[in-house]
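Colleague: Got a predicted structure plus its sequence, pasted below:
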Amino acid sequence: MPTKRPDAEVLCQILADQMRPHVDLARTALVGIHTGGAWVAERLHTLLGLHTAPGVLNVSFHRDDYNQRGLQANTRASLLPFEVEGAHIIIVDDVLYTGRTIRAAINELFDYGRPGKIELAVLVDRGGRELPIAADYCAHTLTLAAAQMLELERAPDGTLSFRLTEK
């Protein structure tokens with residue numbers, strides 16, 4: 001039976017609704033992981049009405065599987081338009097899988113200072129964890145075969161959607 005692709009636009013709203021009671025509009029900062037997580041962080045920033053502009057993390061050089069996966073480092077630098085030291089930061093990503101990207105994001109954040117609190121928000125948790133990492137906020141959970149990939153795409157008008165592909 002084919003896997004139904006989740007509706008990314010609906011999931012953004014669900015995620016914002018889950019997060020709303022737990023964020024301080026003036027003090028909570030969102031940090032999206034380049035690229036899909038950054039798109040979701042932008043959307044959440046608007047839906048939640050946060051005062052602090054969202055940041056973007058490039059975790060390429062902090063990946064522990066950088067050489068094994070043959071990743072090409074994205075030369076785009078991380079951008080954090082707020083003070084990290086002592087801040088309440090919510091890392092935002094599109095899909096949580098092994099946990100390696102989130103571990104790399106935490107390492108990257110600590111290069112900028114020591115946050116007071118870090119939480120994780122994801123649109124989809126697809127299972128398959130290799131590290132003990134769990135989302136504080138998750139809009140949807142689904143199980144995919146190891147050979148399947150769930151990729152977030154953004155249309156020119158800003159609409160978000162998921163594409164299901166095979167490795």
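Modeller: Arrived safely.
Colleague: what ranges of this structure fall below the confidence cut-off?
Modeller: Counting by pLDDT under 70, the chain contains low-confidence residues at 1-3, 63-75.
Colleague: What segments of it are strands?
Modeller: Under the criterion DSSP state E, the chain carries strands at the ranges 28-33, 55-57, 88-96, 117-125, 137-141, 148-154, 160-166.
Colleague: next one: the shortest one to chain centre, how far?
Modeller: In this case it means strand 55-57. Taking Cα atoms, centre = their mean, to the nearest Å, the mean C-alpha location of strand 55-57 is offset from the chain mean by 10 Å.
Colleague: contacts for it?
Modeller: 29-34, 37-38, 41, 76, 78-82, 91, 105, 108-109 (Cβ atoms under 8 Å, 6 or more residues apart in numbering). To be clear about C-beta, it is placed using only N, CA and C from the backbone, and glycine gets the same treatment.
Colleague: Quick one: buried ones out of those residues?
Modeller: With neighbours counted using 16 or more other Cβ atoms under 10 Å, the contacts of strand 55-57 contain these buried positions: 29-34, 37-38, 41, 78, 80, 82, 91, 105, 108-109.
Colleague: quick one, what contacts the nearest residue to residue 16 once chain neighbours are set aside?
Modeller: The shortest distance from residue 16 to any residue other than its chain neighbours is 3.8 Å, reached at residue 47 (Cβ to Cβ, 6 or more residues apart in numbering). Contacts were defined as Cβ under 8 Å, 6+ apart; by that measure residue 47 touches 12-13, 16.
Colleague: Pick out the residue nearest the middle of this protein.
Modeller: Centroid check for the chain by Cα atoms, centre = their mean gives residue 93 as the closest residue, at 1.1 Å.
Colleague: Run through the bridge partners of it.
Modeller: According to DSSP bridges, residue 122 are recorded as the beta-bridge partners of residue 93.
Colleague: Do a quick rundown of the helices in this protein.
Modeller: The residue ranges that make up the helices of the chain, judged by DSSP state H, are 8-19, 36-48, 66-69, 100-110.
Colleague: how about the ones you listed in TSV, adding distance to residue 136?
Modeller: Listed next are the helices of the chain as TSV, based on distance: least, Cβ to Cβ, whole Å:
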stretch	distance to residue 136
helix 8-19	9
helix 36-48	13
helix 66-69	26
helix 100-110	11
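Colleague: For residue 159, find the nearest of those helices.
Modeller: Residue 159 lies closest, by Cβ to Cβ, to one member of the helices of the chain: helix 8-19, at 6.6 Å.
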